[in-house]
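Asker: what follows is a predicted protein model with its sequence.
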Amino acid sequence: MSRVRQLPRNFDPRKYEPEILRFWEEARIYERLREARKGRRRFHFLDGPPYPSSDTPHPGTVWNKIIKDSVLRFRRGEGLDVLDKPGWDTHGLPIEVMTEKALGFSSKKDIEEYGIDKFVMKCKELASRNLESMTGHFKEFAVSMDWDHPYRTFENEYIESAWWGVKKIWESGRLYEGERPVHWCPRCETVLSDYEVSESYKDLMDPSIYVKFKIWGKGNEYLLIWTTTPWTLPGNVAVMVHPSETYVKVRVGDEFLILAKARLQAVMEEAGVEDYEVVEEFEGRELEGLRYEHPLEDLVPLQRELRDVHRVVLSEEYVTMEEGSGCVHSAPGHGKEDFEVGRRYGLPVVSPVDERGRFTEDAGKYAGLQVREANNVIIRDLEERGALFHKGTVIHKYPVCWRCDTPLIIRTTKQWFVKLTDLREKLLEESGKVRWVPRWGGERRFRDWLLGLEDWIISRQRYWGIPLPVWRCEKCGHIEVVGSASEVEERSGIRLEDLHRPWVDEVTWKCPKCGGVMRRVPDIMDVWYDSGVSFFASVGYPHRHKEEFSEIFPVDFITEGHDQIRGWFFSLLRMGTLLFNRVPYKSVLMHGFMLDEKGREMHKRLGNYVPPPEIIKKVARDTFRFFVLTKVPWQDLRFSWKGLREMERRLSVVWNVYVFGTTYLRDKELGALPERDELDPVNRWVLSKLNSMMRRIREGMNEYHLHVASNEVLSFLIDDLSHLYLRVARKKLRSKDESEADRWGRVLYHVLREALPYLSIFAPLMAEKIYLESFRSEDDPESVNFLLLAEPDIGAIDEELEDMMDRARSIVSASGYARSNAGIKRRQPLREMVVVTEDEMTKKAVETLREVILAEANVRDVRVGDEPVKGNWAQAEFNSGKVFLNLELGEEEVLGGLARELTRRIQLMRKELGLTIGLERIEVYVQGDDEFRRALERYQDEIAWDSDADVIKFVESEDEVPGSSFGKEWEIDGRRVYIWVRKVE
RNA sequence: GGGCCCGUGGCUCAGACUGGUCAGAGCGCCCGGCUGAUAACCGGGAGGUCGGGGGUUCAAGUCCCCCCGGGCCCA
């Protein structure tokens, strides 16, 4: 036997939500639930670690966490033992740059003078402080994760796992040091990955110059090259032309220029040269090997050394006819394409630029100048030497540092790489094993991206990051890569308390080969390495949980925004394939971005940013949760206060459904759910709907179609329960037939209670409040979180019945339409309704759901039949037919209508007196005309029952009414009637 | 320049993968009902060239192509 208690009438989430959160915290519900699920089948969720660059999360990040939370709650509801460690991506440039700013630093020199140790501690403090604060915000939205045991990339244990990975890569022969042109930030003095570069391009104005390179041995013939980076000219080695394009020799004045025919007109127009003459045409390939003189040879010592190297080389891929002259100045030290072509021709790679973006001594006159500042000096020198053909400017997209906005340069440096190019096929194959939601997320976007894969630069020349665990002998160059702190200790005898720089830099040992000093390569690692190893580093593998790992690998589920296709989804795939030879996750849900109300990206600096605390101030936490969860997850989501308010209203209906239910169920002894064959069609219908809902939620959640699942619970509670079932049930629950009332009570109880755990996936706070307040009895678990999601009873699902109810509802709607056209109130009972239809299912619905139709349409009879020909009928169409309402009012209908009017007035008066239903009883006296008298006599029992009256009496005058009665005069259909109500003591 | 996503009533969004009931819902608007869920609840109505054009098909919001507009990613 179960009992329920009345749920408080007003929906006040602002008050109860913090109370529930506090209750969970104090009663340690999360921890105990974890404990309770131990030993059951595992579900491994891996949190994509947010970057703690602020103390408040972006609302989109809250959305991200709510998505995760709903999945976790669902899996726990299924009884699974869920791994739900939250992660934090703590290293990297943003935090370094913020720390630098806070300390007023502008270069690496400042950091070194300040002390790397103190600087790194500051970075760690900042990351820790922010992640603590962000955790608080996530908890506010009822995100249930293992907040006390997060994985943080700065922890020693995590770093050791990362080191193990590097060692393994080294052992596989894929880790190599290489010299290569890379994007470089001259302010941060570090390499940036292609991914980091793609983050930010800016429109910059640069010179656009055409330069004449004199052809060797010919006094007045030149190759005409074009560049927007004059500063790369000191690093020039060759000129690239397209082998199969047509080139021309053009006479301008007494000089001859060589350029692509396709570019001739545009170049001459740009240079303002009208007088020119084509003297020769030939294919680009004929130029191959042609030698030229560098115009700055006298100023740049490096160029003198390259005298014998300068020549024309061919490239199909990198010479475009879209811009420039078709003769491309090539500096293999300052450009990736140049580097590649140069390597084919065995050209030297020169890069006379230092870490801070200044020319080195090799650049002669320009030594010490910032490269971009040198542009004008170089242009002037070219001009002086008569080598400048034309000078203009161009505004183009140019990469800048994503952290400090400094324009990047490309310079050649030594970096550590992981060889990937030969893994392309394997990576594609592995990515094909992933279940992508939505499908196009992986099948299209991801594959395209993988096709352009290059080797990965994992080194960075910074401080706050995982140190590259590579030691090299100063003397003989012998290299050792370590995979843990204890390996460091074995070799050096030093036990590190903190594995970061600068402490790890101080560790040296004797070279086993030559006895020299083994010193660590000072680089740290790309943060994408950090997060890429999270699938094993988060649990400390292989130094810890080694046995357990096979059980939780690969990860069951991950979800992040679509920006992470090229980010985390890829870096996990990369690390999984490198280290375990397979993709480390099974299912990915890709979600969208949160945009502002106008559809623009939300940013603090745009001022359209809504901080999560403001959301909580204005709407319920559950409202925000439902708002985001009912939207298609993989599309961008527009934030909307209006939308939130709408959702809040819907949730208040859900609340009211429970208020209503508990109002009728309270203090009743509620037995088990009746057998199906004991039940009437409406109850069978509601149980069918309940089980359909459960089934669809499970399907939706399993497919990670969260919007389907979340809408399902709302539609059941609102459309089915509130709009229909409860309207019917309210009469039945007060039925004179006690066993009928009892049956309805048991069904209603069952439905409301079974829906709660499902509701709690999406609106855990509301579900918990309702559970604790009304449904939980003493031997029930302490929190709704402990309840398992009931398995849908497939046998209870009756699709035909559901279908029939839809038809019955259409019939009732149509009758309402017919009434309103005829001006007949719903309250007025009508004699009969005829449904005209050819549809068998509709006919069956009229028969099966006759009772619902009679009650909802307020008619005394309904039948399927032919279109009536005689009499006064109102009609309306519906999906599969027509309904006809007989508008003739007989005695029965008139009196019935009056009785309803009387009942309604009595109820109003009861309410005015503050009387409670089912508790206080009344006596009623009515005075009015003869029709009222007859209505009262005829419907005495019904009125008395509905209004909890012991006595209903028609009186001729007020004298017959006891003195203490509350009396009121009413007007019904233009006639006066007096009603007195007196409470029975 | 390439790839991907989106464009459905005034607003916010479902439906599209697996073509086939008159394209649905909520809000807003208009009308009405209920009055023991009541600072609630319920019903009805108006309102849509499903961005535009072409094609495939007996049948297209749904599949294909082109274009326009918005966005993201890459170059």
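Answerer: Perfect, thanks for sending it. Numbering: from 1, shown residues only, chains lettered A, B, ... in the order given.

Asker: for the strand or helix carrying residue A:169, what is the average pLDDT?
Answerer: In this assignment (DSSP states H and E), residue A:169 forms part of helix A:156-171. Helix A:156-171 shows a mean pLDDT of 97.

Asker: give me the contacts around that helix.
Answerer: Residues from elsewhere that reach helix A:156-171 (C-beta atoms under 8 Å, 6 or more residues apart in numbering): A:151-153, A:175, A:418, A:458, A:466-470, A:479, A:481-485, A:496, A:498-500, A:525, A:529-530, A:533, A:536-538, A:540-544, A:575, A:578-579. Heads up, the C-betas are built off the backbone N, CA and C, glycines and all.

Asker: which of the residues you listed are buried?
Answerer: A:151-153, A:175, A:418, A:458, A:466-470, A:481-485, A:496, A:498-500, A:525, A:529-530, A:533, A:536-538, A:540-543, A:575, A:578-579 (16 or more other C-beta atoms under 10 Å).

Asker: wasn't residue A:249 part of a helix?
Answerer: No: read with DSSP: H, G, I helix; E, B strand; the rest coil, residue A:249 is strand and lies in no helix.

Asker: residues near it, how many?
Answerer: Neighbours of residue A:249 under the rule other C-beta atoms under 10 Å: 16.

Asker: surely it and residue A:258 touch.
Answerer: Yes: Residue A:249 lies in contact with residue A:258 (C-beta atoms under 8 Å); the separation is 5.4 Å.

Asker: which residues do those two both contact?
Answerer: residue A:221.

Asker: which intervals of chain A have sub-threshold pLDDT?
Answerer: Residue ranges of chain A with pLDDT under 70: A:194-196, A:198-201, A:442-444, A:448-449, A:452, A:605-606, A:917-918.

Asker: touching RNA strand B at all, stretch A:943-953?
Answerer: Yes: contact of stretch A:943-953 with RNA strand B (C-beta under 7 Å from any atom of the strand) involves A:947, A:948.

Asker: who touches that stretch?
Answerer: Contacts of stretch A:943-953 (C-beta under 8 Å, 6+ apart): A:734, A:736, A:899, A:902-903, A:906-907, A:910, A:915, A:917-918, A:920-926, A:936, A:940, A:960, A:984.

Asker: where do the helices sit along the stretch 651-800 of chain A?
Answerer: A:681-702, A:706-714, A:726-732, A:738-762, A:764-770, A:799-822 (DSSP state H, counting those that start in this stretch).

Asker: which elements pack onto the first one?
Answerer: Right, the one you point to is helix A:681-702. helix A:59-77, helix A:706-714, helix A:738-762, helix A:799-822, helix A:850-857 (3 or more C-beta pairs under 8 Å, 6 or more residues apart in numbering; DSSP states H and E).

Asker: try it again with 6 Å
Answerer: helix A:706-714, helix A:738-762, helix A:799-822 (3 or more C-beta pairs under 6 Å, 6 or more residues apart in numbering; DSSP states H and E).

Asker: report the angle between that helix and helix A:850-857.
Answerer: On the basis of axes from the mean of the first three to the mean of the last three C-alpha atoms, to 10 degrees, helix A:681-702 is oriented at 90 degrees to helix A:850-857.

Asker: same check on the longest one?
Answerer: Here helix A:738-762 runs at 80 degrees with respect to helix A:850-857, directions being taken by the same axes, to 10 degrees.

Asker: show me what counts as buried in helix A:738-762.
Answerer: A:741-762.

Asker: ramachandran angles for the spatially closest residue to residue A:179 that is not a sequence neighbour?
Answerer: Leaving out its chain neighbours, the residue that sits closest to residue A:179 by C-beta to C-beta, 6 or more residues apart in numbering is residue A:414, at 5.1 Å. Main-chain dihedrals, residue A:414, degrees, to the nearest 10: phi -90, psi 130.

Asker: if we can go back for a sec, in a markdown table: the helices of the stretch 651-800 of chain A, plus distance to RNA strand B.
Answerer: Shown next, in a markdown table, are the helices of the stretch 651-800 of chain A (distance: least, C-beta to the nearest atom of the strand, whole Å):
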| stretch | distance to RNA strand B |
| --- | --- |
| helix A:681-702 | 10 |
| helix A:706-714 | 6 |
| helix A:726-732 | 4 |
| helix A:738-762 | 12 |
| helix A:764-770 | 13 |
| helix A:799-822 | 3 |
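
Asker: so which of those is the most packed in?
Answerer: Neighbour counts (mean count of other C-beta atoms under 10 Å) averaged over each of those peak at helix A:764-770, with a mean of 27.

Asker: show me what it is packed against.
Answerer: Against helix A:764-770 (3+ C-beta pairs under 6 Å, 6+ apart) you get helix A:13-26, helix A:621-629, helix A:738-762.

Asker: stretch A:389-399: how far from the chain's middle?
Answerer: Stretch A:389-399 sits 39 Å away from the centroid of its parent chain (C-alpha atoms, centre = their mean, to the nearest Å).

Asker: how about that stretch: buried residues?
Answerer: Applying 16+ other C-beta under 10 Å to stretch A:389-399 flags A:389, A:390, A:391, A:398, A:399 as buried.

Asker: what's the closest of these to residue A:786?
Answerer: residue A:399 (53.2 Å; C-beta to C-beta).

Asker: helices of the stretch 1-150 of chain A, start to end?
Answerer: A:13-26, A:29-37, A:59-77, A:93-103, A:108-114, A:116-140.
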